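> sequence first, then the predicted structure, then my questions.
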Amino acid sequence: MTDLTAPIAGASTSRVGGVVIDEVAAGVGRLKRVVYPPGWRWSVEMGPLTGATLCRHAHAGFLAQGHLIAEYADGCQVDQVAPCFVVLAPGHDAWVIGDESAVLVQYDCGSETCSLLGLPAEHVH
């Protein structure tokens, strides 16, 4: 079986808030593989770095490994178990469930992800 957390040739790698991000340019955006370690939680690891209480980015991609839960300010939760597609609007917390890293492959256009991909700028029911 392939190790989904192994380095990717040709990708730039960064580490922030406990996650490892491998990325390559793709048109107006970037293809990213984000590895979230067991026990990771956005509000604990990233919140203090950003000064925000919730993640302000949209995510559109494929959860290739692991289990994530995302929760919006209104209490709505999205339970994601690999393999599954992931589409999250800005304004969420998220955390890894279990003892396996979560591996998300996503397409990202920075602050323009919502507008360029036609995603909502905030969570709606």
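Thanks, I have it.
> count of neighbours near residue 14?
Neighbours of residue 14 under the rule other C-beta atoms under 10 Å: 11. All C-beta atoms are positioned from the backbone trio N, CA, C, and that covers glycine.
> I meant to write residue 37 there.
Residues lying near residue 37 (other C-beta under 10 Å) number 16.
> ditto for residue 69
17.
> could you do the one 10 residues further on as well?
As a burial measure, residue 79 scores 11 neighbours (other C-beta under 10 Å).
> wait, a strand at it?
Yes. Using DSSP: H, G, I helix; E, B strand; the rest coil, the assignment for residue 79 is a strand.
> tell me what it is bridged to.
Assessed by DSSP bridges, residue 79 has beta-bridge partners residue 69.
> I'd assumed residue 69 was in contact with it.
Yes. Shown here, residue 79 and residue 69 form a contact pair, counting by C-beta atoms under 8 Å, at 5.4 Å.
> just the strands in the protein please.
Taking DSSP state E, the strands of the chain run over residues 12-16, 19-26, 29-36, 59-65, 67-72, 77-81, 84-88, 92-96, 102-108.
> quick check: which of those is nearest to residue 118?
Nearest to residue 118 among the strands of the chain is strand 59-65; the distance by C-beta to C-beta comes to 9.9 Å.
> tell me the angle the closest one makes with strand 84-88.
If you take axes from the mean of the first three to the mean of the last three C-alpha atoms, to 10 degrees, strand 59-65 sits at 150 degrees to strand 84-88.
> now strand 59-65: average pLDDT?
On average, the pLDDT along strand 59-65 is 98.
> what's the closest of the strands of the chain to residue 53?
Comparing the strands of the chain by their distance to residue 53 (C-beta to C-beta), the top pick is strand 92-96, with 7.9 Å.
> show me the contact partners of the closest one.
Strand 92-96 is contacted by residues 36-43, 53-55, 66-72, 78, 88, 102, 123 when judged by C-beta atoms under 8 Å, 6 or more residues apart in numbering.
> likewise for stretch 100-113?
Residues from elsewhere that reach stretch 100-113, judged by C-beta under 8 Å, 6+ apart: 4-5, 23, 26, 28-38, 40, 57-68, 82, 86, 96, 116-117, 119.
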